[in-house]
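Student: coordinates only, sequence not included:
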């Protein structure tokens, strides 16, 4: 199995056994979505950076006791991120920003929304899992890791147009899946 083909379950097992290389690979794969999740909760880049760091420190410590249920580590990391963001907001509230955060915090920690978002993540991951191997790689490289079309095309040995067209179709499918799981 080539390094590109190693899935999260293998990487989680290796990282849990102490492999820093496996953990770095997971970090690189998920740091962007974790950052955007954190930023959505805490509202500023500096705090989001701290929440991301805290998320991955907690993940590193908990990996030996963690059992990955799906094929992606992202839902678990997103849950840790939400908890770390809530901790950050509470700490901010204790240190002087009471007026702003007292009204923000209940809206930020909305259990119903959390459940809907978790369901949406599961549905999207199932949709991605159902893609062919090339489409999954295109999605991983472009959407999760931020590769440009040409860079992804070169890495995968396909044309720029192939990446652009397939990614467009993938995004349409993922958007449709996300819209189906939203509450009315």
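Tutor: Noted; the coordinates are in hand. Because the structure is a prediction, the values reported are computed rather than measured.
Student: Of all the helices and strands in this structure, which has the lowest average confidence?
Tutor: Lowest by mean pLDDT, DSSP states H and E among the helices and strands of the chain is helix 98-108, with a mean of 49.
Student: And the protein, split by domain according to the record?
Tutor: Segmentation of the chain into domains, based on automatic domain parsing, reads 1-109, 110-184.
Student: can you put these in JSON lines and add mean neighbour count?
Tutor: C-beta coordinates here come from the backbone N, C-alpha and C atoms, glycine included. Converted to JSON lines, the domains of the chain look like this (neighbours: other CB atoms under 10 Å):
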{"stretch": "domain 1-109", "mean neighbour count": "16"}
{"stretch": "domain 110-184", "mean neighbour count": "15"}
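Student: Within the helices and strands, which one has the closest residue to residue 156 other than its chain neighbours?
Tutor: Leaving aside its chain neighbours, residue 156 sits nearest to residue 137 (5.9 Å; criterion: CB to CB, 6 or more residues apart in numbering). Remark: residue 137 resides in helix 133-139, with elements defined by DSSP states H and E.
Student: for that helix, packing partners?
Tutor: In this structure, helix 133-139 makes packing contacts with helix 111-129, helix 149-156, helix 160-181, judged by 3 or more CB pairs under 8 Å, 6 or more residues apart in numbering; DSSP states H and E.
Student: got the contact list for the last one?
Tutor: Spelled out, that is helix 160-181. Here helix 160-181 makes contact (CB atoms under 8 Å, 6 or more residues apart in numbering) with 116, 119-120, 123-124, 126-128, 131, 134-135, 138-139, 142-143, 149-150, 152-153, 156.
Student: now the angle between helix 149-156 and that helix, please.
Tutor: 100 degrees (axes from the mean of the first three to the mean of the last three CA atoms, to 10 degrees).
Student: Quick one: distance of helix 160-181 to the chain centre.
Tutor: Per CA atoms, centre = their mean, to the nearest Å, the displacement of helix 160-181 from the mean C-alpha position of its chain is 17 Å.
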